[in-house]
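> Need the 3D shape of this:
(2 chains)
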Amino acid sequence: MRTLHLLLLVFTTAAAAGESRIVLKDGQGKDSVMSQCAICHSLDYIVVNDRILNRAGWEKTVDKMINLMGAPINNADRQIIVDYLALRYGK
Amino acid sequence: MVNRRHFIKKAAGGLAALGSALLSKGSALAADLVAAETETTSIMDILSRKKALIKKSFRPPNYETPAGYFDAPFTPINAFFVRYHLSVIPEVKAEDWRLHIGGDAVRTPFTLTLEQLRRDFKSVEIAALCLCSGNRRGLFQPQVPGVQWGSGAMGNARWRGVRLKDVLAEAGIEKSALEVSLNGADSGVLEITPDFIKSLPLAKALDENTLIAFEMNGEPLPHWNGFPARLILPGWTATYWMKHLTDINVMAKPFDGYWMKTAYRIPSGRFPGGGFSSQETPATVPITEIVVNSLITSLIDGQAVPVFKPLEISGVAWDGGNGIAQVEISTDDGVSWHPAMLKQDYGRFSWRQWRYDFEPKRTKEYRIMARAISCSGACQPLEPIPNPSGYHHNAVQKITIRGV
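Alright, predicted model coming up:
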């Protein structure tokens, strides 16, 4: 409950700040990325790293989010998110 | 890369030119600029009670200061850069705030209110540069992942507070004490996400320049810079300058959280610094001391300047607390170097403003460079020193101007 409350609070603040206007590139998996990565951070974190990371780099980043930061992403979604990031934002 | 730097400066300059009338319409301006998000990653945006800054990420908020503000010796509070790792950032109320002093290596843990902190300890003021470890990360080639900072993740301020050593003495430090950990009120969205906690070696915690600060440039700390109290660690990078301090623990063992063990580390032996042996491994050490560096603030890359007219080249220079001995300017692509005039000295932890008078005489391109030399003899390298996380970018800046 506390987490949910904080989530709502954060999203309200962020939307006012313009976060909701960030547009990711179209492609398969975009919805999963938008719903799961944005639980903890705005999606400009992806945009600013466009073409800096290759597939292995994005894989490492997603695994860091899951294993070190505790992102609740299951194996199937992990693959979808890695594929999207590697294809649309990969080097 | 030149293009991105150029854009940042253009964006900042253009915004300044719009004037204060338009700036007061804050949100409308921010909304217009946000529309450009898909075209570029650097847009201007306004956080509450801040001027428009260069937005790097919305959540957590990471905003850098446009270079135009660095003409002043002290960076205005409402233009000071903002850097967070985690997204839940409560607005702390002064009357509700408590600072807990504890840990397994103190005799008597205790709790302070803001009023007690201000009243019960001697207050001191120090001018010091607050510099993000990853400032200029966006200038590394090849690019390094992370927040793509330009040159504005820094600011110079007068910090007023009390000495950490005086507060710790009240708790009584045991002989077993090794490190002092710091936690702030911010946290991750998920409870499982490692809280942003840092530690200091005991000697640094007991240094007379290490403060728990509650004022910045004569005013209470603003929310986005750590209200009501934050750590000030002059000479070390800002990762240790914990905002919204809530807990300080003196510990007999090295702190092993993510933000010490894994993050903010540099390869062993590649940079000067050190001073944190309890956190070192054969391969990596924690980033500690700020490296010698400088920034030209008066010129924009590609700027046209009239010939036979005096041109002031000015900027700032800094290091990790030895002080700046000299700043040298080259106007001929590094062939010859000439000393700049150093302006007022606000102490060894403050940056030092400098100026150099130049008169371009030919209608051609001039390559302008500045390099700082610290009182310890350290000098900026011509190329940045590569490291996986993109820290300590202190390469000599190169700006091309055109005599017309």
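
> use CA for all of it now, contacts and neighbours both
Noted.

> The closest residue to residue B:112 other than its chain neighbours: neighbouring residues, count only.
Distance criterion CA to CA, 6 or more residues apart in numbering or on different chains; nearest residue to residue B:112, sequence neighbours excluded, is residue B:99 at 5.1 Å. Around residue B:99 sit 19 other residues, with neighbours defined as other CA atoms under 10 Å in any protein chain shown.

> Show the contacting residues for the residue of chain A found nearest chain B.
Closest to chain B within chain A is residue A:69: 4.5 Å, counting by CA to the nearest CA. Residues near residue A:69 by CA atoms under 8 Å, 6 or more residues apart in numbering or on different chains: B:192-194.

> hmm, back to that, could you check the pLDDT of the residue nearest to residue B:112?
pLDDT for residue B:99: 98.

> ok, it touching residue B:247?
Yes. Because the distance of 5.7 Å satisfies CA atoms under 8 Å, residue B:99 is recorded as touching residue B:247.

> which non-adjacent residue is nearest the most centrally placed residue in chain A?
By CA atoms, centre = their mean, chain A has its centre lying nearest to residue A:37, at 2.6 Å. In space, and not counting its chain neighbours, residue A:37 is closest to residue A:43: 7.2 Å by CA to CA, 6+ apart.

> okay, the contacts of residue A:69 in JSON lines with neighbour count and distance to chain A next?
Output for the contacts of residue A:69, formatted as JSON lines (neighbours: other CA atoms under 10 Å in any protein chain shown; distance: CA to the nearest CA, whole Å):
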{"residue": "B:192", "neighbour count": "12", "distance to chain A": "6"}
{"residue": "B:193", "neighbour count": "19", "distance to chain A": "4"}
{"residue": "B:194", "neighbour count": "16", "distance to chain A": "6"}
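
> ok, so of those, who is nearest residue B:182?
Checking the contacts of residue A:69 against residue B:182 with CA to CA, the nearest one is residue B:194 at 13.6 Å.

> so what's the closest one up against?
Going by CA under 8 Å, 6+ apart, the list of residues near residue B:194 reads A:68-69, B:188, B:257-259.

> Max pairwise distance over those: which two?
Most distant of the contacts of residue B:194, by CA to CA, are B:188 and B:257, 14.3 Å apart.

> Settle it for me: which of these two has more neighbours?
Legend: neighbour count by other CA under 10 Å for residue B:188 and residue B:257, higher for residue B:188 (22 against 15).

> dump the residue contacts of the more buried one.
Counted by CA under 8 Å, 6+ apart, residue B:188 has contacts A:40, B:86-88, B:194-195.

> same check, this time on residue B:358
B:310-313.

> same question, residue B:198
B:181-183, B:239-240, B:242, B:255, B:257, B:259-260.

> And residue A:66, by the same measure?
By CA under 8 Å, 6+ apart, the neighbours of residue A:66 are A:72-73.

> Confirm it sits in a helix?
Yes. The assignment for residue A:66 (DSSP: H, G, I helix; E, B strand; the rest coil) places it in a helix.

> Can you tell me which of the contacts of residue B:188 has the most neighbours?
Using other CA under 10 Å as the neighbour test, the contacts of residue B:188 are led by residue B:87, with 24 neighbours.

> Any regions of chain A where pLDDT drops low?
A:1-17 (pLDDT under 70).

> So which residues of it form strands?
For chain A, strands defined by DSSP state E do not occur.

> what's the pLDDT at residue B:273?
86.

> and if you look at the one 5 residues further on?
Among the per-residue scores, residue B:278 holds a pLDDT of 98.

> what separates the residue nearest to it when sequence neighbours are not counted from residue B:261, distance-wise?
Excluding the flanking residues, the one nearest residue B:278 by CA to CA, 6+ apart is residue B:254, at 6.1 Å. Residue B:254 is 10 Å from residue B:261, where distance means CA to CA, to the nearest Å.

> anything in contact with each of the two?
Common neighbours of residue B:254 and residue B:261 (CA under 8 Å, 6+ apart) are residue B:279.

> Got the domain ranges for chain B?
Per automatic domain parsing, the structural domains of chain B span B:99-286, B:293-403.

> Of the ones you listed, which is nearest residue A:84?
Proximity to residue A:84, assessed across the domains of chain B by CA to CA, is greatest for domain B:99-286 (17.4 Å).

> my guess is residue B:384 meets residue B:140, correct?
Yes. Using CA under 8 Å, residue B:384 is in contact with residue B:140, at 7.3 Å.

> Let's check: the centremost residue of chain B is which one?
Against the mean C-alpha coordinate of chain B, by CA atoms, centre = their mean, the closest residue is residue B:131 at 1.8 Å.

> Pull up the residues of the stretch 101-250 of chain B that are close to chain A.
B:143-148, B:188-194 (CA under 8 Å from any CA of the partner chain).
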